[in-house]
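K.L.:
no sequence on this one, just coordinates:
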Ligand code: F6P
């Protein structure tokens, strides 16, 4: 493990969020999502100051009580870190999160638009950009600058699509700062960026190229970023060295797939809540269990997954009553109409399969809309087939988590458009996420595969994930930053 060092981690969602319970006591709730989970272990090994948005009323109270300073927090493993919650103007935050970051940047970067119909770049988006995305990024940059005043030798580690502009604001004020940014979602090909007004798409690329290092989960996203930086900004990008030069600075563009902490999952798999939920699952499980675990996000392709299962059931009447699909779906971003509509589409699609096929107590799709991590881990142990058919996905951690703890030689069906496919493709059954027939056939192939081959594939994935764990990912990030922080070059 690298020597202890000062790090300023910056992400929209923080590692904890505060609320009040029924008795009026303040309670801290762990922030969800892959990013926060992966970064948690940083806190144990380094002096971390984490800057995040105050998201709840109680977060804002905590920020106010701190008088604009960071507070001391204790991580689950007992390590101490500093947390600086940034309170934004509520309207600005709404524009930033509910108009720009999620329905615009997320949709663009996951290719979720049918361009004949969406998006309309109207005054609303321009307002949301100028009055939401820009000031919220400025507020994050201001918080970083305050921290850099106190700890000038700290490295800054920005995360994700919420914060594309903040690095430029920081760079302009601190030409010598060591800045890295990790983009956890796909980077689409250059022409798609032309959907956005020129000034916006240029600002996004310019902001990212203010960093010393920009990381992605997969080579295909890394290459796309270099291409779009060259095409849209006329930055000089050298594809062999993976360096882009722009405005007198240079940025190393890296592909560094994130991972999980295998020992944490192995421990969790034997924990009391997981064992209890697993026993319940086991009592009612079908002979063959197909599992999917996702947020109810349109990029996850849940509806096509149900349709593919329907095609499979059509083709295999002999399996009726013997096979079931368990869908554990965490309801996500429900303030955004597209997400609320997609949740409805998921419910309708599950219902359609069940209405067609259910009989004698057998219900083919078991749909559960809840955020229940222990249940997901229990189901990881029990699946025969794990379906990950995302339309596009930066990485997809489920594809790594499930195999780590699975106890039934389960087979991974993996979208060729998930970043994790670059690593796990050889041992998964690869599918085109739009091809329902291929997905139906993959379900059949997985269920039909002989035990020896299933075991060999599962073991290979496990071995790979253990050798490329989140600790290794974090260390490589820090090495990249040390190597490429060109203190004098700007
Ligand atoms: O990288 C995508 C991501 O930021 C993940 O960390 C996480 O799974 C998800 O999006 C969380 O989204 P939100 O913070 O909007 O709930």
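P.N.:
Ah, there it is. Treat the numbers as computed from the prediction; the structure is a model and nothing was measured. Numbers count the residues shown, from 1 in each chain.
K.L.:
can you name the residues of the stretch 201-350 of the chain that neighbour the ligand?
P.N.:
Residues of the stretch 201-350 of the chain lying close to the ligand (CB under 6 Å from any ligand atom) are 332, 333. In short, each C-beta sits where N, CA and C put it, glycine included.
K.L.:
which residue ranges of the stretch 201-350 of the chain form helices?
P.N.:
Per DSSP state H, counting those that start in this stretch, the stretch 201-350 of the chain carries helices over the ranges 219-233, 262-269, 272-284, 302-315, 337-357.
K.L.:
domain-wise, how is this structure divided?
P.N.:
What the record gives for the chain is the domain set 6-258+472-489, 262-468, from automatic domain parsing.
K.L.:
list the buried residues of stretch 81-92.
P.N.:
By neighbour count with 16 or more other CB atoms under 10 Å, stretch 81-92 contains the buried residues 81, 82, 83, 84, 85, 86, 87, 88, 92.
K.L.:
which residues touch the closest residue to the ligand within the stretch 101-250 of the chain?
P.N.:
Closest residue of the stretch 101-250 of the chain to the ligand, CB to the nearest ligand atom: residue 184 (3.1 Å). Contacts for residue 184 (CB atoms under 8 Å, 6 or more residues apart in numbering) come out as 34, 35, 159, 160, 161, 217, 258, 394, 395.
K.L.:
same thing but 7 Å
P.N.:
Contacts for residue 184 (CB atoms under 7 Å, 6 or more residues apart in numbering) come out as 34, 35, 159, 160, 217, 394.
K.L.:
on that earlier part again, could you dump the helices of the stretch 201-350 of the chain into a markdown table with mean pLDDT added?
P.N.:
Formatted as a markdown table, these follow (pLDDT from 0 to 100):
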| stretch | mean pLDDT |
| --- | --- |
| helix 219-233 | 98 |
| helix 262-269 | 94 |
| helix 272-284 | 97 |
| helix 302-315 | 98 |
| helix 337-357 | 98 |
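K.L.:
kindly reformat those helices as a markdown table containing mean neighbour count.
P.N.:
Below are these laid out as a markdown table (neighbours: other CB atoms under 10 Å):
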| stretch | mean neighbour count |
| --- | --- |
| helix 219-233 | 20 |
| helix 262-269 | 16 |
| helix 272-284 | 14 |
| helix 302-315 | 21 |
| helix 337-357 | 16 |
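K.L.:
mind putting those helices into CSV with distance to residue 63?
P.N.:
Below are the helices of the stretch 201-350 of the chain laid out as CSV (distance: least, CB to CB, whole Å):
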stretch, distance to residue 63
helix 219-233, 33
helix 262-269, 29
helix 272-284, 32
helix 302-315, 36
helix 337-357, 27
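K.L.:
and of the ones you listed, who's closest to residue 453?
P.N.:
Of all the helices of the stretch 201-350 of the chain, helix 302-315 sits nearest to residue 453, with 19.6 Å by CB to CB.
K.L.:
for the closest one, name the packing helices and strands.
P.N.:
Counting contacts by 3 or more CB pairs under 7 Å, 6 or more residues apart in numbering; DSSP states H and E, helix 302-315 packs against strand 288-295, strand 323-330, helix 337-357, helix 436-448.
K.L.:
okay if I get the ones you listed as a markdown table plus distance to residue 97?
P.N.:
Listed next are these as a markdown table, based on distance: least, CB to CB, whole Å:
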| stretch | distance to residue 97 |
| --- | --- |
| strand 288-295 | 15 |
| strand 323-330 | 17 |
| helix 337-357 | 12 |
| helix 436-448 | 32 |
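K.L.:
and those: which comes nearest residue 417?
P.N.:
helix 436-448 (12.8 Å).
K.L.:
report the distance from stretch 222-229 to the chain centre.
P.N.:
Its chain's average C-alpha position is 20 Å from that of stretch 222-229, according to CA atoms, centre = their mean, to the nearest Å.
K.L.:
residues contacting it, please?
P.N.:
187-190, 193, 205, 209, 214, 216, 235, 237, 239, 244, 253-255.
K.L.:
can you select the buried ones among the contacts of residue 184 for me in ChimeraX?
P.N.:
Buried members of these, defined by 16+ other CB under 10 Å, are picked up in ChimeraX with:
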select :34,35,159,160,217,394
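K.L.:
narrow the contacts of residue 184 to those in helices?
P.N.:
34, 35 (DSSP state H).
K.L.:
okay, the contacts of residue 184 in TSV with pLDDT next?
P.N.:
Shown next, in TSV, are the contacts of residue 184 (pLDDT from 0 to 100):
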residue	pLDDT
34	72
35	77
159	97
160	97
217	98
394	98
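K.L.:
can you redo the contacts of residue 184 as TSV with distance to residue 340?
P.N.:
Formatted as TSV, these follow (distance: CB to CB, whole Å):
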residue	distance to residue 340
34	22
35	23
159	26
160	22
217	28
394	23
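K.L.:
pick out the most distant pair among the contacts of stretch 222-229.
P.N.:
It's 193 and 254 that sit farthest apart of the contacts of stretch 222-229, by CB to CB, at 20.3 Å.
K.L.:
now do the buried residues in stretch 149-168.
P.N.:
154-168.
K.L.:
on that earlier part again, just the buried ones from the contacts of stretch 222-229?
P.N.:
Looks like those have 187-188, 190, 193, 205, 209, 214, 216, 235, 237, 244, 253-255 buried, using 16+ other CB under 10 Å.
K.L.:
sorry, back to before: closest to residue 199 among the buried residues of stretch 81-92?
P.N.:
residue 92 (18.8 Å).
K.L.:
residues contacting that closest one?
P.N.:
So residue 92 contacts 131, 132, 135, 136 (CB under 7 Å, 6+ apart).
K.L.:
most surrounded residue in those residues?
P.N.:
Using other CB atoms under 10 Å as the neighbour test, the contacts of residue 92 are led by residue 136, with 26 neighbours.
K.L.:
SS state for that one?
P.N.:
helix (DSSP: H, G, I helix; E, B strand; the rest coil).
K.L.:
got a list of what it touches?
P.N.:
88, 92, 93, 96.
K.L.:
okay, these in a markdown table with secondary structure, pLDDT and distance to residue 412 next?
P.N.:
Shown next, in a markdown table, are the contacts of residue 136 (DSSP: H, G, I helix; E, B strand; the rest coil; pLDDT from 0 to 100; distance: CB to CB, whole Å):
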| residue | secondary structure | pLDDT | distance to residue 412 |
| --- | --- | --- | --- |
| 88 | coil | 97 | 40 |
| 92 | helix | 98 | 42 |
| 93 | helix | 98 | 38 |
| 96 | helix | 98 | 36 |
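K.L.:
ok, residue 318 to the ligand distance?
P.N.:
Counting by CB to the nearest ligand atom, to the nearest Å, the gap from residue 318 to the ligand is 38 Å.
K.L.:
okay, that residue: pLDDT?
P.N.:
Looking at residue 318, its pLDDT reads 98.
K.L.:
can you report how many residues lie near it?
P.N.:
By other CB under 10 Å, neighbour count at residue 318 equals 8.
K.L.:
go on, residue 467?
P.N.:
If we define neighbours as other CB under 10 Å, then residue 467 has 10 of them.
K.L.:
ok, now residue 462?
P.N.:
Neighbour tally, residue 462, other CB under 10 Å: 17.
K.L.:
so it sits against residue 401, correct?
P.N.:
No. Applying CB atoms under 7 Å, one finds residue 462 not in contact with residue 401, separated by 11.1 Å.
K.L.:
around the ligand, pick out the residues from the stretch 351-490 of the chain.
P.N.:
With CB under 6 Å from any ligand atom as the criterion, the stretch 351-490 of the chain meets the ligand at residues residue 394.
K.L.:
how about the strands in the stretch 351-490 of the chain?
P.N.:
With strands called from DSSP state E, counting those that start in this stretch, the stretch 351-490 of the chain shows them at 365-369, 385-388, 411-415, 429-431.
K.L.:
let's have the ones you listed in CSV, adding mean pLDDT and mean neighbour count.
P.N.:
Shown next, in CSV, are these (pLDDT from 0 to 100; neighbours: other CB atoms under 10 Å):
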stretch, mean pLDDT, mean neighbour count
strand 365-369, 98, 17
strand 385-388, 99, 27
strand 411-415, 99, 26
strand 429-431, 99, 20
